[in-house]
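J.: A predicted structure for the sequence below; I have some questions about it.
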Amino acid sequence: MSKGRLSDAALRSLISEVRGKAPAAVPAAPESRSYDTAFETLPGYETLRMQRAAADLLGIRSPFFRTHEQRAGAVSRIAGREVINFASYDYLGLNGHPAVAAAAKAAVDEYGTSVSASRLVAGERPFHAALERRLAEVHGVEDAVAFVSGHATNVAAIGQITGPADLILHDGLIHSSVITGAQLSGAQRRSFPHNDLDTLESILTAERDRWQRVLIVVESLYSMDGDTIDLPRLVAIKQRFGAWLMVDEAHGLGVLGPTGHGIAEASGVDPRQVDIWMGTMSKTLASCGGYIAGPAALVEYLKVMASGFVYSVGMPAPATMAALTALELMIADTDGRVARVQANSRYFLERARAAGLDTGLAEGHAIIPIILGDSLQAVLLSNRLLERGINVSPIVHPAVPEKSARLRCFVTSEHTRDQIDRAVAVIAEEREKLLHEAPAVARLGALRS
C-alpha cells in the first residue's frame, strides 16, 4: 500500500462508520446441493431396465422394433427371411401402389420434400386444399383440416375446443391421444366402460347440467379389440343431452361400410349428425398425418387456434399426395379392395374361432386379437411365430390390462386365403404348445418380476 493511502478494507470500514453501519459481512458460500439430472431416474425407467435384463438372462428376444427390410405389406422381409405379415395397418394394400408412389415422386419434383413451416405463416399449397376437400366429401361434411401427425390431431383439437367449464366423456378403451388432449384442455374427464352406453346415459343424466359443454369421444373401430360402436344410439344420446359427438375413424376408413366410407355408411347414419370426425392417413391412406372433418366453423377455428396446427409444419407434398391418391383409389375401388379386406377379415375370424382361439370382441373388421392373458406368453408366442415365418405383434401391459395381453393381427385386402390358413394353424399349434408349458412359463414370469 502506498504511503498515506487507505487499504480497500479500511476504506470500506470508514465509509460504514460514517454511515453509522457495521462493516458488511462477506457472503458465505452457498451450501452445496445435489440435483436430480439423471434420465435413469425418470418414472418407469428402472422397471424397463429390469425387464430388459431379465429378458436377456432368460434368452427372450424383444418382439418390438423389428426391422423390415422391404415394403411391409401382406408379406415382408425380416432378418433376411420373407414372412407373412399381420403387423401393418395397410388395410387396402395401397402402400407402394404404383399410382400412389408416382404421385409422391412427382410431388417431390414439383414442391420438394417439405413446406418448411406452418401453413399459417409459410402459406398454402394447392395439394393441402385438395386433400382436405376430398376428405370432407368422403365424410359427407362441410370441411376438413389436415394435421402433420395423427396423435397430435386428437391432442390439438380436443385440447383447443374444450376447457375447465366443460366435461369430456370417453370410452374406457379410447386411444391415448384422446386422453392426452383431454388433460391438456383442463376439462373434467370421465370414462365409461367399453361400449356401455347405459352408463354413458346415466353419467349425462346426473352431470350434464353442471357443465357448459360436453364432448363424447368414441372410436368407430377399436384398434385393440376390433369391435365397433352403436352409432345411431350415440347420435340419439348426444342430441338428447345437447353434447358434441366426436368419432375417431382412424381404423374405420376403408374398412367399414359397403364402399369403405366408414361407420356412418355402415350404420346408415347421416354423417352430419356427428359433430366431429377424426381420422388418420397412416392406415388405409398409406401416408402419415391426421385430420378433423366437420362443420366449416369448426375447421376455420382449428386452423387459427389449435396449437398443433398453428405451430407445426404443414404436411409435406409427397405425404399429402400419397394420401390424396390413396383416397381416390379407395373411392374408385376399381379392383374391389374394400370387399376383399372385408371378406378376408371375416374369413380370418371364422378360422381363428374354429381353431379354438380366443378372439375377444372382434367382429371381423381387419383387426383380430388373439387373447392370451399373460404378457410373457404373448411375447414368447410372437417370437415363435416369427421363427416359423409369421410376423404378428404382441400387445402387452400397460397398453392393455395385464390379464388381457394378446397378439393383434391386422388383415388386409392383399392377404390370400392360404396365408390366412397357415397363420391361424401355426398360431393355434404354438398356442397349444405354450399351454402345455404353462407351469414353466409361469416360473419364467416369476423370475422376470
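T.: Arrived safely. Because the structure is predicted, anything quoted here is derived from the model rather than measured.
J.: For residue 207, report the pLDDT, please.
T.: On pLDDT, residue 207 comes in at 96.
J.: A helix includes it, no?
T.: Yes: the assignment for residue 207 is a helix, going by DSSP: H, G, I helix; E, B strand; the rest coil.
J.: and residue 406, helix, strand or coil?
T.: On the three-state scheme (three-state DSSP), residue 406 is labelled strand.
J.: Longest helix in the chain, please.
T.: The longest helix of the chain (DSSP state H) is helix 417-436.
J.: Tell me the buried residues in that one?
T.: 419, 420, 423, 424, 426, 427, 428, 430, 431, 434 (16 or more other Cβ atoms under 10 Å). Glycine gets a C-beta too; all of them are placed from N, C-alpha and C.
J.: need the contact list for the second one.
T.: Residue 420 makes contact with 344, 347, 348, 351, 411 under the criterion Cβ atoms under 8 Å, 6 or more residues apart in numbering.
J.: Next one: the last one from residue 381, what distance?
T.: Taking Cβ to Cβ, to the nearest Å as the measure, residue 411 and residue 381 are separated by 18 Å.
J.: the more surrounded of the two?
T.: Using other Cβ atoms under 10 Å, the more surrounded residue of residue 411 and residue 381 is residue 411, with 29 against 24.
J.: Who are the contact partners of that one?
T.: With Cβ under 8 Å, 6+ apart, residue 411 has these contacts: 86, 341, 344, 345, 348, 366, 367, 368, 420.
J.: Mind picking the two most distant members of those?
T.: 367 and 420 (14.2 Å; Cβ to Cβ).
J.: ok, back up a step: any chance of the buried residues of helix 417-436 in CSV, plus pLDDT and distance to residue 357?
T.: Below are those laid out as CSV (pLDDT from 0 to 100; distance: Cβ to Cβ, whole Å):
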residue, pLDDT, distance to residue 357
419, 98, 16
420, 98, 13
423, 98, 11
424, 98, 7
426, 98, 11
427, 98, 7
428, 98, 6
430, 96, 11
431, 96, 7
434, 92, 12
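J.: closest to residue 37 among these?
T.: Scanning the buried residues of helix 417-436 for proximity to residue 37, where the rule is Cβ to Cβ, the winner is residue 434, at 43.5 Å.
J.: so residue 226, which of the three states?
T.: Going by three-state DSSP: residue 226 is coil.
J.: quick one on the thing from earlier: most neighbours, which of the contacts of residue 420?
T.: Neighbour max across the contacts of residue 420 (other Cβ under 10 Å) = residue 411, 29 neighbours.
J.: Model confidence for that residue, exactly?
T.: At residue 411, pLDDT is 98.
J.: Kindly report the same for the one 5 residues further on.
T.: According to the model's per-residue confidence, residue 416 sits at a pLDDT of 98.
J.: Could you number the chain from 10 rather than 1 from now on?
T.: In the new count, where the first residue is 10, that last one comes out as residue 425.
J.: residues contacting the residue nearest to it when sequence neighbours are not counted?
T.: Closest residue in space to residue 425, ignoring its immediate chain neighbours: residue 83 at 7.4 Å, by Cβ to Cβ, 6 or more residues apart in numbering. Residues near residue 83 by Cβ under 8 Å, 6+ apart: 93, 94, 102, 421, 423, 424, 425, 428.
J.: any idea where the strands of the stretch 310-458 of the chain begin and end?
T.: With DSSP state E, counting those that start in this stretch applied, the stretch 310-458 of the chain shows strands at 376-382, 399-400, 402-404, 414-419, listed in chain order.
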